[in-house]
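S.K.: just to be clear, the model below is a prediction. Sequence and coordinates:
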Amino acid sequence: MAFIEAFRGVRLPAYANNSAVMWLKRSARAAMGAFIGFLTIMLTGLSLATAAHAALSASCSKINSDFSVPFYTEIPANYIANEYPALNPGEKISWTFSTTGTAFGGTTAALTIYTGTDYDELVDISNIDGNKNVSGTFTASASVNFIYIVANVSQDAAQGPSDLNTLTFSASCAAAASASAPTVTGISPTSGPAAGATAVTITGTDFTGATTVTIGGQAATSVTVTSATQITAVTPAGTAGARNVVVTTPAGSGTLTNGYSYIAPTIAFSPAAGALTAATV
């Protein structure tokens with residue numbers, strides 16, 4: 001029996017009519033198009049998900065690795081003394097420390113955490129006065145991006161197995177939270193002279209770190225971020241009409257469209273009416 005190739009290796013009997021061949025080609029192309037579309041969506045979603053998570057510093061990743069299983073000890077020779085330098089600003093370390101056992105004089109289960117290159121003491125806890133179950137956090141900054149964790153246990157020879165001091169420590173590190181772009185919801189007053197120099201209060205959200213405020217494209221002066229939701233400023237000179245109010249921070253810009261109106265100056269004549277004479281010109 002003779003065969004013909006209908007589409008990319010698919011063969012039909014030679015007696016198959018053109019309609020069958022065309023139907024097979026259209027079906028195959030549609031199926032391939034659907035698969036490519038699905039693959040594109042999946043890859044795009046993966047890219048967006050990856051971009052949404054900031055890369056962790058090497059130290060942040062190491063904290064997560066070191067404490068993927070909580071550290072536990074009741075043996076003095078088994079302790080933590082770990083340094084984690086060069087954390088990214090905004091990276092947040094969350095930790096939990098717990099102890100059991102009866103602490104005798106001079107024996108402890110203790111946790112000490114230092115920060116900064118000067119080893120400033122952030123945490124100093126022991127179970128000398130009773131068992132502990134304590135949690136805390138530390139957020140790195142540009143100037144304080146170093147943490148040093150020491151956790152150890154000591155025992156007295158007189159302690160029985162049921163009295164042994166035990167220590168459990170766990171920690172995790174998360175990327176800095178992404179800052180949100182500001183939103184501008186209001187301005188008061190909503191209008192003023194085109195000459196500018198009007199004191200205004202701008203309201204909205206996420207104003208922290210605002211770098212510029214513009215009205216009608218011109219920079220406002222005396223800008224003060226009084227809170228994350230309020231800015232005070234003085235209007236620049238502008239032209240008559242409604243103008244956009246824009247607040248810009250490192251995370252982006254927020255706009256109140258036509259939020260502020262400049263009022264054109266008016267000219268008053270005195271007297272308002274009467275015969276035109278040399279005295280009234």
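M.R.: Sure, I can see it.
S.K.: would you point out which residue is most central in the chain?
M.R.: In the chain, the centroid-proximal residue (C-alpha atoms, centre = their mean) is S178; its distance is 1.3 Å.
S.K.: in space, what's closest to I75 - neighbours in sequence excluded?
M.R.: V153 (7.2 Å; C-beta to C-beta, 6 or more residues apart in numbering). In short, each C-beta sits where N, CA and C put it, glycine included.
S.K.: how long is stretch 201-218 end to end?
M.R.: In stretch 201-218, first residue to last residue: 17 Å (C-alpha to C-alpha, to the nearest Å).
S.K.: tell me the secondary structure at the closest residue to S154 other than its chain neighbours.
M.R.: Excluding the flanking residues, the one nearest S154 by C-beta to C-beta, 6+ apart is T107, at 4.7 Å. T107 carries the three-state label coil when classified by DSSP: H, G, I helix; E, B strand; the rest coil.
S.K.: re the thing from before, now do the residue nearest to the centre of the chain against G90, distance only.
M.R.: The gap separating S178 from G90 is 9 Å, by C-beta to C-beta, to the nearest Å.
S.K.: before we move on, what about S154?
M.R.: S154 is 36 Å from G90, by C-beta to C-beta.
S.K.: kindly report the same for T185.
M.R.: T185 sits 26 Å away from G90, taking C-beta to C-beta as the criterion.
S.K.: can you give me the strands in the stretch 51-200 of the chain?
M.R.: For the stretch 51-200 of the chain, applying DSSP state E, counting those that start in this stretch gives strands covering 71-73, 80-84, 92-100, 109-115, 120-126, 133-139, 147-153, 166-174, 183-188, 191-193, 199-205.
S.K.: which of these sits closest to T248?
M.R.: Among those, strand 183-188 comes nearest to T248, with 10.4 Å by C-beta to C-beta.
S.K.: what distance separates that closest one from the centre of its chain?
M.R.: 23 Å (C-alpha atoms, centre = their mean, to the nearest Å).
S.K.: name the helices or strands packed onto that strand?
M.R.: strand 199-205, strand 241-249, strand 252-263 (3 or more C-beta pairs under 8 Å, 6 or more residues apart in numbering; DSSP states H and E).
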